[in-house]
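Q: give the three-dimensional model of this entry:
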Amino acid sequence: MLHVRRAADRGAADYNWLKTAYTFSFSGYHDPDYMGFRDLRVINEDVVAPSRGFPKHPHRDMEIITYVLSGALEHRDDLGNVSVLKAGELQRMTAGTGIRHSEANPSGAEPVHLYQIWVLPDREGLEPGYEQKGFPEADRRGAWQTVVSPDGRDGSLGIHQDVSIFLADLEAGRTLERPIAAGRHAWVQVIRGSVVINGEPLLTSDGLAVSDVSSLSIRADGPSEILLFDLA
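A: Sure, this is the predicted structure:
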């Protein structure tokens, strides 16, 4: 089964300083047909205006992953972490028993464009934690690059759930295959570009839910970047 989630059909909000699109129900947007997919609970695409951001706020019992596409994002939390997440970098925050954090655009001139992703943890009451890393772009050209995994394999960020996340960059006309193990599922998010996946055309910010499929064949119609979730 393949189910396309078109970018234009997502929930959306414009707060002047923040423009956001919700793949799944979030905040004031509720759609009972889109409450998440497997252990994937949130995929928000955000654009934050210069010198603005999210003030300090709490989270519990969630694995929160942020991927910055352009600009930069300053992170502060009550564990003492202070860092700037640059374009192409990812962070993983384990909210666990409770964490307070803020995320802000430190630039006075440029917006920051990012994806924020929430994954349900494999258990409640985890110790809060934080991890941040950049991954060489060259390692995902025409290939799957592991950026998040349960065991931190291949230098990826660790996560407390049976979920692995991959990035791939494809040149126009290039095809990339991805096997899906029996009983597994996948979500594909098109970060940029246009692709055809098992005959389904997808554009920038479109998503695709995958179940009961043994493999994916992804062909890029133009330069494209793909984010793929392998899910139990």
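Q: what bridges to the residue positioned nearest the centre of the chain?
A: The centroid of the chain falls nearest to residue 117 when counting by Cα atoms, centre = their mean (4.5 Å). On the basis of DSSP bridges, residue 117 is bridged to residue 43, residue 65.
Q: equivalent analysis for residue 215, please.
A: Residue 215 has these beta-bridge partners by DSSP bridges: residue 179.
Q: so who does it touch?
A: Residues in contact with residue 215 (Cβ atoms under 8 Å, 6 or more residues apart in numbering) are 177, 178, 179, 180. Yep, even glycine has a C-beta here, placed from its N, CA and C like the rest.
Q: which one among the residues you listed gets closest to residue 144?
A: residue 178 (6.8 Å; Cβ to Cβ).
Q: name all residues that make contact with that closest one.
A: With Cβ under 8 Å, 6+ apart, residue 178 has these contacts: 144, 186, 215, 216, 218, 228.
Q: one more: residue 130?
A: 75, 77, 79, 81, 91, 92, 93, 94.
Q: so it, which state does it fall into?
A: strand (DSSP: H, G, I helix; E, B strand; the rest coil).
Q: circling back: with pLDDT and neighbour count added, can I get the contacts of residue 130 in a markdown table?
A: As requested, those are exported to a markdown table (pLDDT from 0 to 100; neighbours: other Cβ atoms under 10 Å):
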| residue | pLDDT | neighbour count |
| --- | --- | --- |
| 75 | 95 | 19 |
| 77 | 93 | 19 |
| 79 | 92 | 14 |
| 81 | 93 | 16 |
| 91 | 97 | 21 |
| 92 | 98 | 24 |
| 93 | 97 | 23 |
| 94 | 98 | 21 |
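Q: CSV for the residues you listed, including distance to residue 11?
A: Shown next, in CSV, are the contacts of residue 130 (distance: Cβ to Cβ, whole Å):
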residue, distance to residue 11
75, 25
77, 27
79, 31
81, 30
91, 24
92, 24
93, 23
94, 26
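Q: low-confidence ranges in the protein?
A: Along the chain, no part satisfies pLDDT under 70.
Q: thinking again about what came up before, of the contacts of residue 130, closest to residue 154?
A: Nearest member of the contacts of residue 130 to residue 154, counting by Cβ to Cβ, is residue 92, at 14.8 Å.
Q: ok, whichever strand or helix holds that closest one: who's next to it in the sheet?
A: For residue 92, the enclosing helix or strand under DSSP states H and E is strand 89-94. Applying DSSP bridges, strand 89-94 is found paired with strand 63-70 (antiparallel), strand 129-134 (antiparallel).
Q: go through the ones you listed and name the closest to residue 162.
A: strand 63-70 (11.5 Å).
Q: helix or strand next in line after the closest one, which one?
A: strand 72-77.
Q: show me what that following strand is packed against.
A: strand 53-59, strand 82-86, strand 99-104, strand 112-119, strand 129-134 (3 or more Cβ pairs under 8 Å, 6 or more residues apart in numbering; DSSP states H and E).
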